[in-house]
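Visitor: Only the shape, not the letters, is given here:
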Ligand code: SAH
């Protein structure tokens with residue numbers, strides 16, 4: 001982030017615009033939304049600017065900016081539409097100690113003006129570090145359509161409620177009131193006029209003040225394979241509302257970024273055979289936080305019901321009498337097959353698919369190797385990286401064809417996704433050679449669809465997710 005976004009108080013501050021043409025007028029339109037004391041330096045201003053001066057909206061100096069003019073000014077816009085004139089004004093203003101913006105020349109600016117969605121007092125500023133003005137305008141158009149025109153009025157009514165809302169305890173109870181105010185009661189009351197809105201909101205506050213507080217609870221939810229776009233709408237909402245997020249190592253930073261700023265994030269990652277937070281401690285954390293009244297989100301990679309020790313956590317919550325629910329997520333196998341253009345089941349090939357784990361808490365796991373070794377079988381092997389040699393040995397021993405296709409998808413759905421396209425006979429040492437560091441899913445019996453196979457310069461048959469496919 002090269003430009004740090006802040007909202008500057010311009011009430012009664014001096015702001016200077018150097019230039020008197022259309023470019024200066026565009027800036028003046030924006031500045032007139034503030035309560036700044038605006039001055040314009042222009043020898044020959046266009047009539048619209050002269051008219052603003054006559055109407056008392058700004059002070060017009062019919063001469064160029066000279067040293068000392070910008071002393072004490074907070075901002076100066078160089079807006080002559082003339083590079084040489086702008087450079088001269090910028091130098092003078094900067095020497096006088098003002099922050100300078102040279103219109104349309106980001107490299108010469110101390111600050112840049114964002115695209116703005118104005119629902120005063122609600123203001124959304126959009127910046128792209130000057131890299132993509134068209135994108136900024138699209139985001140602006142999107143927000144303009146999404147934010148109701150009455151939002152500003154609602155915010156003003158809300159501000160008048162602030163003192164009374166302080167009677168509610170800080171934290172979840174106040175947040176609940178405001179959520180209902182802005183999402184439901186407010187927008188519904190607004191069309192009936194500001195007085196009706198105020199009355200409705202008064203009744204809403206009364207209800208929140210007299211109602212018993214909601215007890216703490218735990219929601220166990222799946223975060224999907226890593227791409228935030230693959231979160232369910234429900235998990236997204238739970239992230240918005242959680243006071244405490246207890247998450248696995250598989251949950252990506254991009255997803256955790258969506259939690260509220262004040263939410264407490266507690267990592268309880270488990271890594272293969274490596275260090276982990278004991279399961280009993282995870283139960284304790286969930287229960288203690290919920291008993292303290294918090295809304296706890298227990299966030300797991302993929303789907304919580306797939307190799308997620310869900311039952312143990314549910315048993316613990318039930319035994320402790322904590323209200324709870326389970327919310328599904330997209331499991332890694334779904335994301336992995338999507339990335340290679342294959343289906344987990346296919347008519348005339350396999351009418352069943354198995355989700356296996358390469359190892360569990362006790363070590364490598366045994367399976368019905370004989371049936372898995374049959375041609376056409378499809379299995380998604382979770383946590384299989386280290387167990388690959390074991391799985392390979394068992395399957396070959398039980399008569400599997402060494403030419404059986406095997407695809408390993410690392411970091412499925414994430415920008416650093418890689419696909420290793422190999423066979424059962426070659427799985428090891430191919431897997432060791434590929435040196436995968438992220439979570440990887442082994443798809444037994446599936447090869448990437450031909451169109452998905454791309455040569456890689458990294459190593460033969462190891463594909464990196466092409467950017468454009470994201
Ligand atoms: N509940 C999770 C699985 C947890 S077990 C789910 O439904 O996906 C952890 C294993 O899941 C990892 O060892 C890996 O095999 C697999 N996995 C999880 N996310 C993955 C991803 N983005 N890409 C590939 N494999 C993944």
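Guide: Arrived safely. Quantities reported herein were computed from a predicted structural model and do not represent experimental measurements.

Visitor: For the closest residue to the ligand within the stretch 201-350 of the chain, name its beta-bridge partners.
Guide: Residue nearest to the ligand within the stretch 201-350 of the chain: residue 302 (1.9 Å; CB to the nearest ligand atom). C-beta here means a position set from N, CA and C on the backbone, and glycine is covered the same way. Counting by DSSP bridges, residue 302 is bridged to residue 224.

Visitor: Count the residues that sit near it.
Guide: Using other CB atoms under 10 Å, residue 302 has 29 neighbouring residues.

Visitor: That one contacts residue 308, correct?
Guide: Yes: counting by CB atoms under 8 Å, residue 302 does reach residue 308; the two are 7.4 Å apart.

Visitor: Quick check: residues of this structure near the ligand?
Guide: Selection of the chain residues close to the ligand by CB under 6 Å from any ligand atom yields 225-226, 250, 300-303, 306-308, 331-332, 336, 382-383, 409, 411-413, 439-441.

Visitor: Pretty sure residue 256 sits against residue 246.
Guide: No: counting by CB under 8 Å, residue 256 does not reach residue 246; the two are 11.4 Å apart.

Visitor: More neighbours: which of these two?
Guide: residue 246 (23 against 17).

Visitor: host element of that one?
Guide: Secondary structure from DSSP states H and E places residue 246 in strand 244-247.

Visitor: How far off centre is the helix or strand just after that strand?
Guide: Scanning forward in sequence from strand 244-247 by DSSP H and E, the next helix or strand is helix 253-256. Centre-to-centre, helix 253-256 and its host chain are 7 Å apart (CA atoms, centre = their mean, to the nearest Å).

Visitor: what does helix 253-256 contact?
Guide: Residues from elsewhere that reach helix 253-256 (CB atoms under 8 Å, 6 or more residues apart in numbering): 223-224, 226-228, 231, 239, 245, 247, 265, 299.

Visitor: The helix or strand following it packs against which elements?
Guide: Scanning forward in sequence from helix 253-256 by DSSP H and E, the next helix or strand is strand 264-267. Here strand 264-267 touches strand 244-247, going by 3 or more CB pairs under 8 Å, 6 or more residues apart in numbering; DSSP states H and E.

Visitor: Relative to the whole chain's centre, how far out is the strand it packs on?
Guide: 16 Å.

Visitor: helices and strands around that strand, which ones?
Guide: strand 264-267, helix 279-291, strand 295-300.

Visitor: Identify, out of these, the most deeply packed stretch.
Guide: strand 295-300 (a mean of 27; mean count of other CB atoms under 10 Å).

Visitor: one step back: between residue 302 and residue 308, what contacts are shared?
Guide: residue 222.

Visitor: okay, which residue is most central for the protein?
Guide: residue 258 (4.6 Å; CA atoms, centre = their mean).

Visitor: Surely that residue and residue 236 touch.
Guide: Yes: counting by CB under 8 Å, residue 236 is a contact partner of residue 258 at 6.7 Å.

Visitor: could I get the helices and strands packed on strand 244-247 as CSV with mean pLDDT?
Guide: Listed next are the helices and strands packed on strand 244-247 as CSV, based on pLDDT from 0 to 100:
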stretch, mean pLDDT
strand 264-267, 95
helix 279-291, 95
strand 295-300, 97
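
Visitor: Next, residue 408: secondary structure please.
Guide: strand (DSSP: H, G, I helix; E, B strand; the rest coil).

Visitor: which residues touch it?
Guide: Here residue 408 is in contact with 419-420, 422, 427, 431, 434, 436, 440-443 (CB under 8 Å, 6+ apart).

Visitor: How about stretch 311-318, which residues are buried there?
Guide: 313-314, 316-317 (16 or more other CB atoms under 10 Å).

Visitor: Which two among the residues you listed are spaced furthest apart?
Guide: 314 and 316 (7.3 Å; CB to CB).

Visitor: pLDDT below threshold where in the stretch 351-470 of the chain?
Guide: 361, 451-470 (pLDDT under 70).

Visitor: If we use 90, what do you get?
Guide: For the stretch 351-470 of the chain, the stretches with pLDDT under 90 are 358-368, 384-387, 450-470.

Visitor: Helices of that one, start to end?
Guide: 369-372, 388-397, 427-434 (DSSP state H, counting those that start in this stretch).

Visitor: These: which one's closest to residue 12?
Guide: helix 427-434 (64.3 Å).

Visitor: Identify all contacting residues around the closest one.
Guide: Residues contacting helix 427-434 (CB under 8 Å, 6+ apart): 385, 388-389, 391-392, 406, 408, 410, 418, 420, 422, 442, 459, 461-462.

Visitor: which one of those sits closest to the ligand?
Guide: For the contacts of helix 427-434, the nearest to the ligand is residue 410 (6.0 Å; CB to the nearest ligand atom).

Visitor: I'd say the closest one and residue 418 touch.
Guide: Yes: between residue 410 and residue 418 a contact is recorded at 4.6 Å, counting by CB under 8 Å.

Visitor: list residues touching both of these two?
Guide: 434, 436.

Visitor: sorry, back to before: out of the contacts of residue 408, name the ones that lie in strands.
Guide: Using DSSP state E, the subset of these located in strands is 419-420, 422, 440-443.

Visitor: ChimeraX command to pick out the buried ones of those residues?
Guide: Typed into ChimeraX, the next command selects the buried ones out of those (criterion: 16+ other CB under 10 Å):
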select :419,420,422,440,441,442,443
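
Visitor: For the helix or strand residue 335 falls within, list every residue counted as buried.
Guide: If you go by DSSP H and E, residue 335 is part of helix 332-339. For helix 332-339, the neighbour count (16+ other CB under 10 Å) marks 332-339 as buried.

Visitor: So of the contacts of helix 427-434, which two are at opposite extremes in space?
Guide: Farthest pair in the contacts of helix 427-434, by CB to CB: 391 and 459, 21.8 Å.

Visitor: Name the residue in those two with the higher neighbour count.
Guide: A count of neighbours by other CB under 10 Å puts residue 391 above the other of residue 391 and residue 459, at 26 against 13.

Visitor: Could you pull up the residues touching the more buried one?
Guide: Contacts of residue 391 by CB under 8 Å, 6+ apart are 358, 381, 384, 427, 442, 444.
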